[in-house]
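Peer 1: Using only what follows, build the 3D model:
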Amino acid sequence: MAGSTVTRDGYDRRAARRPSTWTKDYLRSAVLADLGCAIVGGFVAAAVRFDDKITGTYVALSLALPVLWLIALGLAGGYDVRFIGTGSDEFRKVLNAGVSLTAAVAVFCYAINVQLSRGYVLIALPGTTMLDLVTRYTIRKHLHRMRRSGRCVLSVVAVGHELAVADLVRELKRDWYHGLKVVGACLARPAEFTEVAGVPVYGGLDEVSAAVSAFRADTVAVLSCPEIDGIRLRNLAWELEKTGTDLCVSPSLLDVAGPRTTIRQTAGLTLLHVDHPQLTGLRLAIKDLFDRCFAAAALLLVLPLLGLLSAMIWLHDGGPVLFTQVRVGKNGRVFKIYKFRTMVVDAEQRRAELHVANDTDGLLFKLRRDPRITAVGAHLRRWSIDELPQLVNILLGDMSLVGPRPGLPEEAAAYADHVRRRLVVKPGLTGLWQISGRSDLSWEESVRLDLRYVENWSFALDILILWKTISAVFRRSGAY
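Peer 2: Modelled structure (predicted):
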């Protein structure tokens, strides 16, 4: 038919290029925000640097800056739909654009021998970058609020074995801000299940394309599944290409982040090379130095608050202000942890009688309504203020600002071999467990998050966790 966009093999060119409506709205908002930030950055730099003596050259440069900024962001991948709403990649793209544009301006001016005011450049470009980061963060938070209400999400068909599909469903329900919702599943053994974790099973591995059409899915997530070999996966990719449906493939590696993986072509094969985690060397020494300096500065800053809280705890029942307990640290070395006492004085002696009422599984012991907690202690726990004395542990080198949860000796003695992996780094005042639910997490989820941190540690990840800890404390989720 004349004018048709469907080719003979069923490839729909419009479908392959058609983004979701909310995606287009998000990118439009991002472009307008980026444009506004560059306009503000350019003219603020001109006003600060030249006051009322600005020349035509800098007026022209301020007018050109928004266009240059949009081009730099586009080249850096700042409008790639894959990075919308999750992870730090979107912000990293903005930073890369700022650094690249600054370098390009410097090289261009040197090449044509233009004397450009360094003060103007140092205000305009870094200022635009920082303002854009704040603006992008604000836009992202608005997107997260919409996703919380069920809008701006992508529907997913999960493909694989039932346990892997169930894990994916639970993960995406907990981390709803990713904007992915599993609407259907295609299993290796479809005859045995009608649904998995509340998600309907459409059929087997050969019915993925039909499932996509039936559920009007945006994405197909292929989980680790031996039955899906390279040829079957290639054919599936060709089928999904015809309708513009995204394809995501999960490797069998557990919790190994992108920076540790590299795609390499070897002898006609596509190989996934996995680097070892960086657990020694200069980067770890810098982390330790940062931890101790931060702890020392924080202790000085909150010293009056520590004194006030100590007085409140002592005046409540006359008992000790601090609670000390032996915990297991890096490489199995034990140390004494410090916390503000939030329970009655004989809390440890009463633990055995309460163990049958444990609200968690595995090796952890937690009670949502622990009768041993004092009135003052309940407030301290709600805001995680009882953890502040652990800054002393960080200063002494027993703990880190970010790391796995410090375990008890009896817990560590019962660790399985893979769980002992969490002991290769220092335990942390906060960690992935802190920003992902804290006491609401199951034992298996806590272990998984601790191992994910160990396998993918980086200084940037530490900063991200510290930033998210602030919002987790104010949300008070899992704090009891």
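Peer 1: which residues sit in contact with the residue lying closest to V208 once chain neighbours are set aside?
Peer 2: Nearest non-adjacent residue to V208, counting by C-beta to C-beta, 6 or more residues apart in numbering: C186, 5.1 Å away. (Each C-beta comes from the backbone N, C-alpha and C, glycine too.) C186 is in contact with 157-159, 201-205, 207-208, 211, counting by C-beta atoms under 8 Å, 6 or more residues apart in numbering.
Peer 1: Those in strands, which ones?
Peer 2: Mapping those onto strands (DSSP state E) picks out 157-159, 201-203.
Peer 1: quick one: which of those residues has the most company?
Peer 2: A158 (33 neighbours; other C-beta atoms under 10 Å).
Peer 1: I'd assumed R170 was in contact with that one.
Peer 2: No. Counting by C-beta atoms under 8 Å, A158 stays clear of R170, with 11.6 Å between them.
Peer 1: what's stretch 164-183 in contact with?
Peer 2: Contacts of stretch 164-183 (C-beta under 8 Å, 6+ apart): 84-86, 143-144, 147-148, 152-159, 185, 187, 196-199, 215, 217, 219, 221, 223-225, 250, 436-437.
Peer 1: Setting aside sequence neighbours, what's the nearest residue to Y26?
Peer 2: Spatial nearest neighbour of Y26, excluding adjacent residues (C-beta to C-beta, 6+ apart): I84 at 5.8 Å.
Peer 1: My guess is the one you found contacts L143. True?
Peer 2: Yes. Contact status for I84 versus L143: in contact at 7.5 Å, counting by C-beta under 8 Å.
Peer 1: which residues are in contact with both of those two?
Peer 2: 26, 179.
Peer 1: how about the helix ranked longest in the chain: buried residues?
Peer 2: When the chain is parsed with DSSP state H, its longest helix is helix 282-317. Across helix 282-317, burial judged by 16 or more other C-beta atoms under 10 Å covers 284, 287, 291-292, 294-295, 298-299, 306, 309, 313.
Peer 1: Now render those as TSV, adding distance to R260 and pLDDT.
Peer 2: TSV is the format used below for these (distance: C-beta to C-beta, whole Å; pLDDT from 0 to 100):
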residue	distance to R260	pLDDT
L284	16	88
K287	17	92
D291	23	95
R292	27	96
F294	26	95
A295	29	95
A298	31	95
L299	35	95
L306	39	94
L309	41	94
I313	44	93
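Peer 1: now the strands for the stretch 101-250 of the chain?
Peer 2: 154-160, 180-187, 195-196, 199-203, 219-222, 246-249 (DSSP state E, counting those that start in this stretch).
Peer 1: of all the ones you listed, which lies closest to A416?
Peer 2: strand 154-160 (24.6 Å; C-beta to C-beta).
Peer 1: Could you spell out the sheet neighbours of that closest one, each with its direction?
Peer 2: In the sheet, strand 154-160 lines up against strand 180-187 (parallel), strand 219-222 (parallel) (DSSP bridges).
Peer 1: one step back: show me what the residue nearest to V208 bridges to in the sheet.
Peer 2: Here C186, judged by DSSP bridges, has bridge partners V159, G203.
Peer 1: now it: how far from L168?
Peer 2: Distance, C186 to L168, by C-beta to C-beta, to the nearest Å: 13 Å.
Peer 1: Centroid-nearest residue for this structure?
Peer 2: G87 (5.1 Å; C-alpha atoms, centre = their mean).
Peer 1: What strand or helix carries that residue?
Peer 2: Following DSSP states H and E, there is no helix or strand that holds G87.
Peer 1: ok, it to D246 distance?
Peer 2: For G87, the distance to D246 - C-beta to C-beta - is 16 Å.
Peer 1: that older thread, dump the strands of the stretch 101-250 of the chain into a markdown table; add mean pLDDT and distance to L367 as well.
Peer 2: Shown next, in a markdown table, are the strands of the stretch 101-250 of the chain (pLDDT from 0 to 100; distance: least, C-beta to C-beta, whole Å):
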| stretch | mean pLDDT | distance to L367 |
| --- | --- | --- |
| strand 154-160 | 93 | 35 |
| strand 180-187 | 94 | 33 |
| strand 195-196 | 92 | 32 |
| strand 199-203 | 94 | 33 |
| strand 219-222 | 93 | 37 |
| strand 246-249 | 89 | 39 |
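Peer 1: what about the ones you listed, which gets the closest to P406?
Peer 2: strand 180-187 (32.8 Å).
Peer 1: Only C-alpha atoms, please: export that closest one in CSV.
Peer 2: Output in CSV follows, covering the C-alpha atoms of strand 180-187 (Å, rounded to 0.1, in the frame of the first residue of the first chain):
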residue,chain,number,x,y,z
LEU,A,180,9.2,-0.6,35.3
LYS,A,181,6.2,-2.9,35.9
VAL,A,182,6.0,-6.6,35.0
VAL,A,183,2.7,-7.2,33.4
GLY,A,184,3.2,-10.7,32.0
ALA,A,185,5.6,-13.6,31.9
CYS,A,186,6.8,-16.3,29.5
LEU,A,187,8.3,-19.2,31.3
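Peer 1: how much does it deviate in direction from strand 199-203?
Peer 2: For strand 180-187 and strand 199-203, the angle between their directions (axes from the mean of the first three to the mean of the last three C-alpha atoms, to 10 degrees) works out to 40 degrees.
Peer 1: Now find how far off-centre strand 180-187 is within its chain.
Peer 2: Its chain's C-alpha centre and that of strand 180-187 lie 22 Å apart, by C-alpha atoms, centre = their mean, to the nearest Å.
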